[in-house]
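Colleague: Task: produce atomic coordinates for the following.
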Amino acid sequence: MSTIRLTMAQALLRFLDKQYISQDGEETKLFKGVMGIFGHGNVTGLGEALERSAGDLVYIQGKNEQGMVHAAAAYAKQMNRKQIFACTSSIGPGALNMVTAAATATVNRIPVLLLPGDNFATRQPDPVLQQLEVQGDYTVSATDAFKTVSKYWDRIVRPEQLLTAAVQAVRVLTDPAETGAVTLALPQDVQAEAYDYPLSFFEKKVHFIDRRPPASDSLNRALELMKGKKRPLIVAGGGVLYASATKELAAFAEAFGIPVAETQAGKSSLPWNHPLNVGAIGVTGALAANLLAKDADLIIGVGTRYSDFTTASKSAFAHPEVQFINININGFDSAKLGGASVTGDARESLKALQEKLAAAHYENGYGSSEIADLKKRWDGEVDRLYAAQHEDGLSQTRALGVINETLDASSVIVCAAGSLPGDLHRLWRTLEPKTYHMEYGFSCMGYEIAGAFGAALAEPEREVYAVVGDGSYLMMHSELVTSLQEGRKITILLFDNHGFQCIHNLQRGHGSDGFGNEFRYRSETTGRLTGNVMPIDFAAHARALGAKAYKANTAEELQVALLQAKEETITTLIEIPVVAGTNTDGYESWWNVGVPEVSVSDKVLAAHQEMKSRIQAVKLI
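Modeller: Down below sits the predicted model:
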């Protein structure tokens, strides 16, 4: 057997550089490169290998470990999980900074490979700088924190263990049913140790992503269930987009006149003006979709994991005889809500079920204009909100209307947290798939700018916009600098409403007078954060980092700024002051957040009673 002597880090990079995937006859290099921040846990091992033995892998310097993993995950999401990045960090705080983003990737079923440095396997210099010492179990290190947020976790304490660990890591990363964050913890001494690796380990390897057909029996069960249903509703999740099944979804819906509601991850599965697209569903849903959901006797979930926002804490589907057909590549998700499981690729499953329904001459029981009337009613509400004026300044919905009407249809918007996801889910009008990039599985504040950078890396030909609140911007804007460094322009649309206003609204809606959520000075009178609003010049901050920046106080100024930003060649920020509380809410939905049963406030007690009555009315499914 022919061998080559390499350090473990060198061998890992050589292996990653030779991995490919193939789907539908299209071959793609699996790893685009490595994002990293060097420290004493990885600079002399993996860092040296990246400097001198990276092959065709590109290296991108992150500015915050969490931010760079968000960027890597956004890249993979925008690439429909067909190409990914690895991310490397030092031990200790550098590694732990990646844990939040690892969870974000795993919750959203997005592949990313994490390569944190780890303690010395030999323990010779033990304890090293930044080492976490667990006195009751000395095998534990900071990287054990990744176990709960990773789909696969391993620690390579001998260089030859790479031969099995790397293979298993790629197996999970390329499995559409099991993918998420994968962590290979790399002790810093082992990274630099040499081993005689077999040359066969570094041969080109193509991983075939076969479209898994659904079992015939599962289709027959779905058919029998559907025959007796007259008011079906399709819930399109992110799996529709990952499976490139938008055409098949449209064909299935059109064949039987079934309305389609979209989750946050599934939005853009159909154009907003498609006659069967009834809009967003759930807590952040549209009136048309939520009204249809209440009366639906069958929910056909396609590629959705049925989060509480999608199901409105399981209150959205109120028909006494409602049942579910769950089409999902992941058996865990297809088994939810007691549904009839159709476990398989979304594209293949939709085509196969359509054939069976057509042969059975299935017809729904909707009135001739029922869906169209509801859709028209909702479209009018969106028009109203897009034009909404406010005497104190620019309303949030008016600003979104100007942006939606000004951006090109091919532009990508990226968002994750605050009140903006709700407004965007309800109001944003998409015409093309993959133009709505929302991280709402984990709703991780700080994802927006890093995610926009990752999306811009994936599709440099498109304009990419980070739609972000001032709270999320303050939490993490580090990859703005990386976008400048890499010459990948993003445009940051910063909505400044002086605080964490989404949670402020939620708080006040459940009996609070408002506490701790606005960016105000501490008052000498009350002793609380109830003083004047803190004046923060976000445009000046962005300019100080090297970006272009504008400020728009009116709808007219915003449109001008958007047009000017299109002409800029580097990352640009538009600061948009909006009136707090001018976001959307409600539309036949409810969210169970838990309200105190005991309080000195009558308002809180009343909110608890309302919550309790709603819970009692929800069907347990």
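Colleague: Enumerate every residue touching Arg14.
Modeller: Taking C-beta atoms under 8 Å, 6 or more residues apart in numbering, we find Arg14 in contact with 6, 53, 55, 202. C-betas here are computed from N, CA, C, even on glycine.
Colleague: So which of those residues wins on neighbours?
Modeller: Per-residue neighbour counts (other C-beta atoms under 10 Å) across these peak at Leu6, which has 23 neighbours.
Colleague: any idea which residue sits dead centre in the chain?
Modeller: Per C-alpha atoms, centre = their mean, the C-alpha nearest to the average position across the chain is that of Glu439, at 2.4 Å.
Colleague: Can you name the element that comes right after the helix or strand Asn505 falls within?
Modeller: Using DSSP states H and E, Asn505 sits in helix 501-508. The helix or strand immediately downstream of helix 501-508 is helix 538-545, counting by DSSP H and E.
Colleague: In that next one, which of the residues would be classed as buried?
Modeller: 538-539, 541-542 (16 or more other C-beta atoms under 10 Å).
Colleague: strands paired with the helix or strand just after it, and their directions?
Modeller: From helix 538-545 onward toward the C-terminus, using DSSP H and E, the following helix or strand is strand 548-551. Sheet neighbours of strand 548-551, with direction, are listed as strand 572-577 (parallel) (DSSP bridges).
Colleague: Do me a favour and average the pLDDT over the partner strand.
Modeller: What strand 572-577 shows for mean pLDDT is 98.
Colleague: and the angle from it to helix 538-545?
Modeller: 160 degrees (axes from the mean of the first three to the mean of the last three C-alpha atoms, to 10 degrees).
Colleague: Excluding its own residues, what touches strand 572-577? List them.
Modeller: So strand 572-577 is contacted by 393-394, 399, 480, 489, 491-497, 537-539, 542, 547-553, 558, 561-562, 565 (C-beta under 8 Å, 6+ apart).
Colleague: Just the buried residues from the residues you listed, in ChimeraX please.
Modeller: Burial among these is assessed by 16+ other C-beta under 10 Å; the matching ChimeraX selection reads:
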select :394,399,480,489,491,492,493,494,495,496,497,538,539,542,547,548,549,550,551,552,558,561,562,565
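Colleague: surely Gln23 meets Ile209?
Modeller: Yes: counting by C-beta atoms under 8 Å, Ile209 is a contact partner of Gln23 at 4.0 Å.
Colleague: follow-up on the earlier one: buried residues of the helix holding Asn505, list them for me.
Modeller: 501-502, 504-507.
Colleague: Stretch 86-95 too?
Modeller: For stretch 86-95, a neighbour-count test (16+ other C-beta under 10 Å) marks 86-92, 94-95 as buried.
Colleague: For it, the averaged confidence score.
Modeller: 97.
Colleague: And for that stretch, what's in contact with it?
Modeller: So stretch 86-95 is in contact with 16, 31, 33-43, 46, 62, 65, 68-69, 72, 97-98, 112-119, 128-132, 141-143, 145-146, 188, going by C-beta under 8 Å, 6+ apart.
Colleague: Give the buried subset of those residues as a ChimeraX selection command.
Modeller: This is how ChimeraX selects the buried members of the contacts of stretch 86-95, with burial counted by 16+ other C-beta under 10 Å:
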select :16,31,33,34,35,36,37,38,39,41,42,43,46,62,65,68,69,72,97,98,112,113,114,115,116,117,118,119,128,130,131,132,141,142,143,145,146,188
